[in-house]
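[1] structure of the sequence below:
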Amino acid sequence: MKLTTRGHYSVKALLDLSLQPGFGPTSVRAIAQRQDLPAPYLEKLLIEMRRAGLVQSVRGAQGGYQLARPPAQISLGQILEAVGESIEPLSKHAPDESQAEDWVTFTLWNRLHQKLKEALYSISLEDLYYDARSWQAAQGQETSFVV
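    Reported below is the predicted structural model:
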């Protein structure tokens, strides 16, 4: 599975929000600058994630977007689902009833799909955050966070 631009940008934005002190609000422009993302596109993704209950919008001079719940309670699967990512393995494939091999392949792909889905929903935003921090530290990089 390869993340599309939508999925990649969404994960980057939420990782950025997870770094805010007290998970406070951050402007779209600030996130876009730090993560080198186009602000108008990012705004659309954040609106989709707000509708899914992953982020909240805060009005006012110090407003912006913030996480709606702790990073440990937001899964990669939820982020991808919120922006319309699909992990479907076969597009409406129906096995040939006369061939056992086709049924075996179909069953295998369905099982793999289920395991992938379980994995995506078991990986939290907090897990991704610590994975990225560990990688940066292993590279000898300062842990200023840009995904």
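[2] which helix runs longest in the protein?
    Secondary structure of the chain read by DSSP state H shows that its longest helix is helix 100-122.
[3] for the very next helix or strand once past that helix, buried residues please.
    Where DSSP states H and E defines the elements, the next helix or strand beyond helix 100-122 is helix 125-138. For helix 125-138, the neighbour count (16 or more other C-beta atoms under 10 Å) marks 125-126, 128-129 as buried. From N, CA and C alone the C-beta is placed, and that goes for glycine too.
[4] shaky segments in the protein?
    Residues of the chain meeting the criterion pLDDT under 70: 1-2, 88-96, 100, 141-147.
[5] just the element for the residue lying farthest from the centre of the chain, please.
    Residue farthest from the centre of the chain, counting by C-alpha atoms, centre = their mean, is S98 at 40.3 Å. Taking DSSP H and E as the definition, S98 sits outside all helices and strands.
[6] what about it, distance to H113?
    24 Å (C-beta to C-beta, to the nearest Å).
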